[in-house]
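In: Next one to model:
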Amino acid sequence: MPSWNAQLARLFLEQRKALEAFVARRTGNRQVAADLTQEAFLRLARLPDTERIDNLRAFLFTVAGNLALDHQRQAQRRSQVEGEMPKQEPECSQPDGLQRLAAEREQSLLQDAIGALPEQRRRIFLLYHVEGMTYREIAEREATTARSVEYHLRQALIDCRAFIKARLRPNLRARNPQP
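Out: Numbering: from 1, shown residues only. The predicted model follows:
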């Protein structure tokens with residue numbers, strides 16, 4: 001039986017073009033397809049020697065299909081976030097001092113809220129929102145489950161909202177005193 005490296009090399013030579021075409025059909029981008037194909041082979045290569053896979057080709061195509069799906073989800077999330085920006089308002093080339101101060105305060109408040117999160121929750125939050133990683137990628141990196149990642153992300157938003165409300169509440173009372 002050939003060695004694991006020899007099997008991978010043979011599989012790469014035999015299947016790379018077919019796998020790239022498969023991923024390109026799903027993503028619509030040949031460059032992304034090349035990157036995701038390489039990632040699929042890397043993931044296969046990283047499997048422990050004790051992992052036994054009966055059909056390497058089928059496994060490889062499954063991994064590549066999942067990577068393409070993850071890529072499409074990330075692209076959709078990015079377009080939704082970018083799509084939320086108001087289109088009607090002209091960009092302000094030089095914000096006045098008050099606007100700049102308010103933006104800096106909001107940024108500082110958000111950084112404080114994220115900084116107040118428990119360490120693991122903060123890492124997961126940043127990996128998802130800053131690095132753009134998928135639940136599955138974060139779960140692998142953090143040695144946890146995708147469901148746990150989802151829980152931590154939901155809880156991080158709840159915690160950040162509560163932190164910000166608590167910080168803003170004294171300011172709101174000062175502006176609107178109750179009789």
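In: Name all residues that make contact with the residue nearest to residue 124 when sequence neighbours are not counted.
Out: Leaving aside its sequence neighbours, residue 124 sits nearest to residue 152 (C-beta to C-beta, 6 or more residues apart in numbering; 4.5 Å). To be clear about C-beta, it is placed using only N, CA and C from the backbone, and glycine gets the same treatment. When the contact criterion is C-beta atoms under 8 Å, 6 or more residues apart in numbering, the partners of residue 152 are 120, 121, 124, 125.
In: Considering those residues, which member attains the minimum pLDDT?
Out: Comparing pLDDT over these, the lowest score belongs to residue 125 (88).
In: What is the helix or strand hosting residue 12 packed up against?
Out: Per DSSP states H and E, residue 12 falls inside helix 4-27. Helices and strands touching helix 4-27, by 3 or more C-beta pairs under 8 Å, 6 or more residues apart in numbering; DSSP states H and E, are helix 30-46, helix 56-83.
In: between the ones you listed, which gets the lowest average pLDDT?
Out: helix 56-83 (a mean of 83).
In: Next, count neighbours for residue 125.
Out: Here the number of neighbours of residue 125 (other C-beta atoms under 10 Å) works out to 21.
In: wait, doesn't it sit right on residue 158?
Out: No: with contact defined as C-beta atoms under 8 Å, residue 125 does not reach residue 158; the gap is 11.5 Å.
In: just to revisit the earlier point, in the contacts of residue 152, which residue is surrounded by the most others?
Out: residue 124 (27 neighbours).
In: Verify the contact between it and residue 153 for me.
Out: Yes: using C-beta under 8 Å, residue 124 is in contact with residue 153, at 6.3 Å.
In: who does the lowest-mean-pLDDT helix or strand in the chain touch, helix- and strand-wise?
Out: Lowest on mean pLDDT, DSSP states H and E among the helices and strands of the chain sits helix 97-115, with a mean of 80. If you count contacts as 3+ C-beta pairs under 8 Å, 6+ apart, helix 97-115 packs onto helix 119-129, helix 146-175.
In: got the CA positions of that helix in CSV?
Out: Provided in CSV are the C-alpha atoms of helix 97-115 (Å, rounded to 0.1, in the frame of the first residue of the first chain):
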residue,chain,number,x,y,z
GLY,A,97,-15.5,68.4,15.7
LEU,A,98,-18.7,67.3,17.3
GLN,A,99,-19.3,64.4,14.9
ARG,A,100,-15.7,63.3,15.2
LEU,A,101,-15.9,63.3,19.0
ALA,A,102,-19.2,61.4,18.9
ALA,A,103,-17.6,58.8,16.6
GLU,A,104,-14.5,58.4,18.7
ARG,A,105,-16.7,58.0,21.8
GLU,A,106,-18.8,55.3,20.1
GLN,A,107,-15.7,53.5,19.0
SER,A,108,-14.2,53.7,22.5
LEU,A,109,-17.4,52.5,24.1
LEU,A,110,-17.6,49.5,21.7
GLN,A,111,-13.9,48.7,22.3
ASP,A,112,-14.5,48.8,26.1
ALA,A,113,-17.6,46.5,25.7
ILE,A,114,-15.6,44.0,23.7
GLY,A,115,-12.7,44.2,26.1
